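[1] got a structure for you, letters missing:
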């Protein structure tokens with residue numbers, strides 16, 4: 001019942017919205033009235049943009065004004081009613097969330113927007129819609145950004161990693177984080193620290209996140225009737241996954257690539273859903289079967305080819321990997337291990353000579369504070385690196401005939417790079 005009510009409340013609200021032509025006036029350069037501004041996609045990246053933000057819990061409505069950046073004659077204003085963030089296990093948020101998906105946008109166009117709540121208006125923010133023909137594009141991938149400490153909120157490493165990655169790659173179109181965004185997923189304090197650390201990036205380019213095991217946690221424990229409540233209520237994502245896992249499992253296209261996001265938290269979600277893997281396997285087969293994009297990229301948290309001793313994921317491997325083999329997924333990005341590992345191409349649990357003959361499994365390292373000492377390479381790995389010294393991230397450049405993945409340290413130093421050609 002809790003999950004059913006939550007999902008019902010997650011639908012984008014349309015009542016009370018009004019559109020008018022007004023002049024875009026800058027009132028305040030700060031974020032005093034609206035904060036934790038986040039871009040995602042719940043629709044087509046060419047013609048829509050989903051924008052979410054928070055304001056004081058007493059704010060019953062907020063508004064957004066947006067327009068094409070170089071056209072000054074009119075702007076659309078939409079009044080957005082609040083959504084109450086749910087309280088979880090005694091953890092009560094002090095903010096309301098507002099969300100809107102702007103539609104009928106022009107492809108390949110820069111827009112500017114401001115947000116107003118309780119009489120305070122933000123400065124200008126910007127986003128760019130996907131071009132009609134995105135022949136080549138770049139995106140960023142981040143491993144676990146969590147604090148590493150449930151009582152002390154250590155999100156400065158994540159802040160430095162995401163800001164330096166974006167500063168070094170200002171042409172990146174979006175970012176992906178492969179789970180364990182926060183240490184305690186049912187703690188609003190952890191989420192507030194995470195959002196504040198990413199401010200200036202996730203309000204400029206969309207973030208498409210992956211659910212990790214820590215998103216399920218209440219003080220390192222999974223509450224039977226909770227689910228990933230804060231994750232689902234704060235990230236507005238495509239609702240095209242399996243019925244019971246909408247918002248946790250989804251797919252989208254950008255440019256020449258098809259992205260599929262899966263949920264590997266079978267252990268944590270058994271009390272809520274039972275087996276979540278087989279229905280995903282069936283959905284995944286259909287999802288990959290119908291796409292015509294040159295590149296197939298899949299993301300989920302727990303790697304099927306693990307590098308941390310004593311922590312295999314055989315059920316995940318059995319459910320997903322045969323489907324990857326059948327439809328030739330090019331790359332799978334994982335997290336969870338906090339190390340950076342790139343396998344040889346693998347098919348049917350055997351190493352292949354060429355990327356065209358198998359799937360490369362890429363464990364992304366860590367973008368936050370936490371690292372492990374007991375991780376290391378296995379027989380599957382073509383490259384391995386334990387980023388204990390500083391966090392890291394991946395830059396992915398995609399074109400119709402090539403896919404290049406480059407891993408960099410937080411300071412920009414290159415760790416690894418490789419290219420797959422079609």
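    Sure, I can see it. Model, not experiment: these values are computed from the prediction.
[2] Surely residue 59 and residue 97 touch.
    No. Judged on CB atoms under 8 Å, residue 59 makes no contact with residue 97 at a distance of 10.2 Å. C-beta here means a position set from N, CA and C on the backbone, and glycine is covered the same way.
[3] what sits in contact with each of these two?
    residue 82 (CB atoms under 8 Å, 6 or more residues apart in numbering).
[4] These two: which is more packed in?
    A direct count of neighbours by other CB atoms under 10 Å for residue 59 and residue 97 places residue 97 higher, at 20 against 17.
[5] distance of the residue nearest to that one when sequence neighbours are not counted from residue 39?
    Computed as CB to CB, 6 or more residues apart in numbering, the closest residue to residue 97 that is not its neighbour in sequence is residue 83, at 4.9 Å. Per CB to CB, to the nearest Å, residue 83 is found 17 Å from residue 39.
[6] now the residue nearest to residue 97: how far from residue 71?
    Relative to residue 71, and taking CB to CB, residue 83 is found at 31 Å.
[7] which one of the two has more residues nearby?
    Ranked by neighbour count (other CB under 10 Å), residue 83 and residue 71 place residue 83 first, with 19 against 10.
[8] That one against residue 95, yeah?
    No. Contact criterion CB under 8 Å: residue 83 and residue 95 do not qualify, at 10.4 Å.
[9] mind checking how far stretch 181-201 is from the chain centre?
    13 Å (CA atoms, centre = their mean, to the nearest Å).
[10] Of all the residues in that stretch, which ones are buried?
    181-188, 190-195, 197-199, 201 (16 or more other CB atoms under 10 Å).
[11] contacting residues for the residue nearest to the spatial centre of the chain?
    In the chain, the centroid-proximal residue (CA atoms, centre = their mean) is residue 209; its distance is 1.5 Å. The neighbours of residue 209, taking CB under 8 Å, 6+ apart as the test, are 176, 177, 179, 181, 231, 235, 237.
[12] right, and the second one touches residue 207 too?
    Yep, that's residue 177 we're talking about. Yes. Applying CB under 8 Å, one finds residue 177 in contact with residue 207, separated by 6.6 Å.
[13] higher neighbour count, these two?
    Set residue 177 next to residue 207 and count neighbours by other CB under 10 Å: residue 177 wins out with 29 against 22.
[14] Could I get the contacting residues of that one?
    141, 142, 143, 145, 207, 209, 210, 367.
[15] mind redoing it with 6 Å?
    142, 145, 209 (CB atoms under 6 Å, 6 or more residues apart in numbering).
[16] And for the second one, the neighbour number?
    Here the count is done by other CB under 10 Å, and residue 145 has 31 residues near it.
[17] so how far is residue 257 from residue 138?
    Counting by CB to CB, the gap from residue 138 to residue 257 is 11 Å.
[18] More neighbours: which of those two?
    residue 257 (23 against 16).
[19] On the pLDDT front, check that one for me.
    Here, the pLDDT recorded for residue 257 equals 98.
[20] Ramachandran angles for it?
    Main-chain torsions, residue 257, degrees, to the nearest 10: phi -130, psi 150.
[21] Quick check: bridge partners of it?
    residue 254, residue 295 (DSSP bridges).
[22] Alright, calling it a day.
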